[in-house]
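>>> Let me see the structure of the following:
(chains A and B)
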Number of protein chains: 2
Amino acid sequence: MSEKFVSRRNLEFLLYETHGVERLSSLAYYEDHTRETYQLVLDTAQKLARELLYPYLGEMDKKAPYLESGSVKVHPVVKNMMKEWGEGGWIGASMPYEVGGQQLPSMVSTACNFIFAAANFSSTGFPLLTSGAAHLVLSFGSEDMKETYIPRMLAGEWQGTMALTEPQAGSSLSDIVTRAEPTDQGYYKIRGQKIFISAGDHDGAENVIHMMIAKIKGAPPGVKGISLFLVPKKRITTDGSLESNDVTVATVYHKLGYRGCPITQLSLGENDDCRGYLVGEANKGLSYMFQMMNEARLGVGMQATAIASAAYYTALEYARERPQGRKPSGKDATLPQIPIIEHADVRRMLLFQRAVVEGSLSLILQCCMYADLARQRDDEQGERHALLLDILTPVAKAYPSETGIMSVSQGLQILGGYGYCQEFPLEQYYRDIRIHAIHEGTTGIQAMDLLGRKVLYKEGKALKLYFEELQASINSAAPISELKPYSDRLKDAVEAIRKVTMGRIEVAMKGNIEAFLADASLYLEMFGLVTIAWQWLVQGAAAQKGLDGNCSANDKEFYQGKLHTMKYFFHYELPKIQGLAARLMEDDSLTLNMSEDLFRD
Amino acid sequence: MSEKFVSRRNLEFLLYETHGVERLSSLAYYEDHTRETYQLVLDTAQKLARELLYPYLGEMDKKAPYLESGSVKVHPVVKNMMKEWGEGGWIGASMPYEVGGQQLPSMVSTACNFIFAAANFSSTGFPLLTSGAAHLVLSFGSEDMKETYIPRMLAGEWQGTMALTEPQAGSSLSDIVTRAEPTDQGYYKIRGQKIFISAGDHDGAENVIHMMIAKIKGAPPGVKGISLFLVPKKRITTDGSLESNDVTVATVYHKLGYRGCPITQLSLGENDDCRGYLVGEANKGLSYMFQMMNEARLGVGMQATAIASAAYYTALEYARERPQGRKPSGKDATLPQIPIIEHADVRRMLLFQRAVVEGSLSLILQCCMYADLARQRDDEQGERHALLLDILTPVAKAYPSETGIMSVSQGLQILGGYGYCQEFPLEQYYRDIRIHAIHEGTTGIQAMDLLGRKVLYKEGKALKLYFEELQASINSAAPISELKPYSDRLKDAVEAIRKVTMGRIEVAMKGNIEAFLADASLYLEMFGLVTIAWQWLVQGAAAQKGLDGNCSANDKEFYQGKLHTMKYFFHYELPKIQGLAARLMEDDSLTLNMSEDLFRD
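You can find the predicted model right below:
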């Protein structure tokens, strides 16, 4: 089995050479950090991943969580992991010093989480949810709440969750029915059901803190009546001890993959004794929750990329070592077989995997850069970066998830029959990654978010900024002769998506909102391809810069490999927008103008 | 859970209205059969599928085969299944009366196998391999061999297998090293290892008959030295009893899916006592084996389509019953939620599933029609149909396998979080179908077969005939006003692939065989899209004919649904050839001109 799951060289290339994380040190929040800190942090993350996470990849899959006497048992190593994440400062890595955080740029903490997820994706559900939940408390909770919960969460003692979905309300959050009844004791009585709650209960943590949406009695219908509550599994008594808060685990789901982390169904207030504490103002819960959801969406894109990275390195190692067949031009059976990496089709599959992994990771880090800049500036530049992050979040969630699935599938394919068997981790990666197109908003939901909300937002301001970013990259690359053909191709692609967007908006302006959005998923797919092409051009420019400098023989190979992968993307992937554009320019409402009866047979 | 896994209405539409199976009755071999026989046969198949196969779909997945005291234990129901397949005449359905067959057209026996595989794919490994192995004995075995083995195989008492792959020889069969040493006893002594042998051993059958390739001592190197042997697990002693033949099961693989059927590693002749019986002439084994391989490739395409069919009907039922969200134009949260089938994006996914399933099945049956005609005529028409079957076999194997994976994935997506959990069969379908792009020749191998062999074969004669078939369908559809836009689109697509093919052949003529084949997989993908578009046009014409006739209200809905799905294919799927053609017209050897070192990082 391959021992490599990420490329440190590539992470450094993206952080320092492509996206220039060191620029962030000019902002007060990050001023203590230098490249040396970052390197040290990455070293430590790699050590943890290598020693504690990767060794349990298969075992946590095989020994899946189960329900026993009303509580969820996870693999015993989860307890150690929580401790390490807590003690190492990983959960609060990007949070402010005053709450015990490290004030690391999210670019760097995300790079570390990427290493963790590539080593053992399931294990990262625990700290990432805790981190997101703690950040939510930090942003919108009372001082008392912050003091009570954040330190324990950051220490890895208490698990955080995001409790949104209900049996009748998955994609449609406006339909939640979990009720919160006010009392005169400063808390609300919660009653309802939540399903698909990741890390919703487990014995690797002392307590579980659910960030839960619910409706206060008498609240307006729909999303405007949603409030955010903090609902602990165990509440704190006046003497500081913990007592049951009437949160019951009804089910642990048996899943295709992602088996190391329990996904649970919870019953709240079966004995009318579940207390929830309002976070922020009543009826503003969904807008608060979007902070955690958006972080989680980027997190999902990162995790999908990480699984695809691990799959890529396993397939690459196999392709280098497995002899099979000969070149079409030299079929002499008396000569030895060649390693399959020499076959054009295997290289195509490897290049696809690499292009997806490195293109996606570049986009994720680009988004983190926007987030890091947006959070620390409240001027026009801050707004600019916030808008760019907004419009790219659905893309950074959906492209790595959807294309990551195909990428892992190609890795499995490279291993042939062995890829289908449990001796290699490919079959687990294939099962694990499939969740990412579903949770934190399905691909269809991301598509509606992109076309129906973000593209139109503020009269297209975010879209305009996005095009400006791409144009700037095109302008930088065009004078470099090696990159000119690719900056030209990106320019054409930008023209194509601009035209398609205008076409779609014309449909919207005719008032036909259904037709406008009917092919939103195809639009998202096209948008993703153009966006990743942009990220490849940016990487190509950085690689060319590296090549033109004084570089080692190893670096030269690395940069040339980068340029080759960039070319792969432009020659094999980007052309897929042609078929998508052709469809998106049609306006026939084919999927809408069909009676449901026509599915009868 | 959905109780529907195939559409009988659709099977009848394809058999009778689209491909006119009844025409075959004019040939002597099939003359006893009429539509009434076929209907009866389909009824019986459905009953067997419903009562014996479907109920064990999940259980055979959960209770996977295991090795105990050197032999493989399968789910006990497999024994009953073997008996039913034997007694019902299913294993020999298409074989001649004189060996106990039914002389059914393969179109009809394939339709039945499709029903079986949709009900429980894993279970169909047993009879299909037995049928293929028996057919191989019938075609190339001695009279004695036929008498000894075929009746027991057709009765389901003895399992048949296809034993090709070895640890060092998967895709590259020229590298097999299993040895056959002649004796003066009329048999050969076999020694070697075979891996990934489906149904290679199990306690649901009394004996296992391996159709095995091996090399006779001193044979020429490569494929020209491959001979075909019949190697029984237990050989027949002079008194007619069975004794061990020194065939040992080394491993039962633990797999992602396809868990109901054991895939085994076999050791042959560990005690120097494994006897093999030569089939046909020495050193001609691979050409014989191609009969079974080609049947198996069509079988794989059929099985992939069957799993995709079951996934489609489960997703369709779920989409009709699951309320979630509201139309973009009417978001009033006080109104009830709508069934998700009303969302455009869900319909798009359902139409994709349906278009893949019905398009693939139509192609499979088209191929069966060619096979049925080719087998019973030795004139020019016979050769014509044989060539058409040849060129379409890699397409009929690869398109349903590759696109079937995506189709099942979309079905899983429609179920959202539930699709990822084991309460619904989607996650099993998703695991099961993944094998089909691998076994019986990976997609990459099919692509080389299509472009490197079939397209060039006999100076392009098969390709010419293929284009003629498409042109004939275009000519038939063009005068029908409802179909004209689609026959035009197909005409353009044929032009596009013709141009791409010429471009590729020009590269080949320059002598650069590596460059010619480098993107064979993309060529296969494009060829598949054009071929399925053709099958949809043919179905569209049949549906339009049905609509123009005197049809019931149900039929009218069915035909309209067909036409709608045809339109979906032409508007959403066929445009994908644009990006493929753009790449295939380039000649830069991008994957070839890359040093392996550039993958280092």
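>>> What average pLDDT does stretch A:402-420 get?
Average pLDDT, stretch A:402-420: 98.
>>> buried residues in that stretch?
By neighbour count with 16 or more other CB atoms under 10 Å in any protein chain shown, stretch A:402-420 contains the buried residues A:402-420. For glycine as for every other residue, the C-beta is placed from the backbone atoms N, C-alpha and C.
>>> Name the residues of the stretch 401-550 of chain A found near chain B, please.
By CB under 8 Å from any CB of the partner chain, the residues of the stretch 401-550 of chain A that approach chain B are A:405, A:409, A:412-413, A:416-417, A:419-423, A:427, A:430-431, A:434-435, A:437-439, A:442-444, A:447-448, A:452, A:513-514, A:516-522.
>>> is it true that residue A:367 touches residue A:392?
Yes - Residue A:367 is in contact with residue A:392 according to CB atoms under 8 Å; the separation is 5.3 Å.
>>> re the thing from before, give me the buried subset of the residues of the stretch 401-550 of chain A next to chain B.
Buried by 16+ other CB under 10 Å: A:405, A:409, A:412-413, A:416-417, A:419-422, A:427, A:430-431, A:434-435, A:437-439, A:442-444, A:447-448, A:452, A:514, A:516-522, out of those.
>>> Narrow the residues you listed to those in helices?
Taking DSSP state H, the ones among these that sit in helices are A:405, A:409, A:412-413, A:427, A:430-431, A:443-444, A:447-448, A:514, A:516-518, A:520-522.
>>> In contact with residue A:305, which residues are there?
Contacts for residue A:305 (CB atoms under 8 Å, 6 or more residues apart in numbering or on different chains) come out as A:114, A:356, A:357, A:360, A:361, A:364, A:400, A:404.
>>> Give me the distance between the third one and residue A:511.
This points to residue A:357. 42 Å (CB to CB, to the nearest Å).
>>> For those two, work out which one has more neighbours and name it.
A direct count of neighbours by other CB atoms under 10 Å in any protein chain shown for residue A:357 and residue A:511 places residue A:357 higher, at 30 against 9.
>>> so the more buried one is in which element?
Here residue A:357 is covered by helix A:344-376, with elements defined by DSSP states H and E.
>>> wait, is residue A:127 part of a helix?
Yes - read with DSSP: H, G, I helix; E, B strand; the rest coil, residue A:127 is one of the residues of a helix.
>>> So for it, what's the nearest residue that isn't a sequence neighbour?
In this structure, residue A:127 finds its nearest non-sequential neighbour in residue A:85, 4.3 Å apart by CB to CB, 6 or more residues apart in numbering or on different chains.
>>> same deal with residue A:35?
residue A:22 (5.7 Å).
>>> Now for the one you found: which residues touch it?
Counting by CB under 8 Å, 6+ apart, residue A:22 touches A:16, A:34, A:35.
>>> Need the pLDDT of it.
96.
>>> and if you look at residue A:375?
At residue A:375, the pLDDT value in this model is 88.
>>> I'd like the distance between it and residue A:466.
Plainly put, residue A:375 is 19 Å away from residue A:466 if you go by CB to CB.
>>> now swap in residue A:355 and tell me
For residue A:355, the distance to residue A:466 (CB to CB) stands at 21 Å.
>>> Same question for residue A:299.
From residue A:299 across to residue A:466, the span is 22 Å (CB to CB).
>>> Would you pull up the residue in the stretch 251-400 of chain A closest to chain B?
The stretch 251-400 of chain A approaches chain B most closely through residue A:333 (3.0 Å), counting by CB to the nearest CB.
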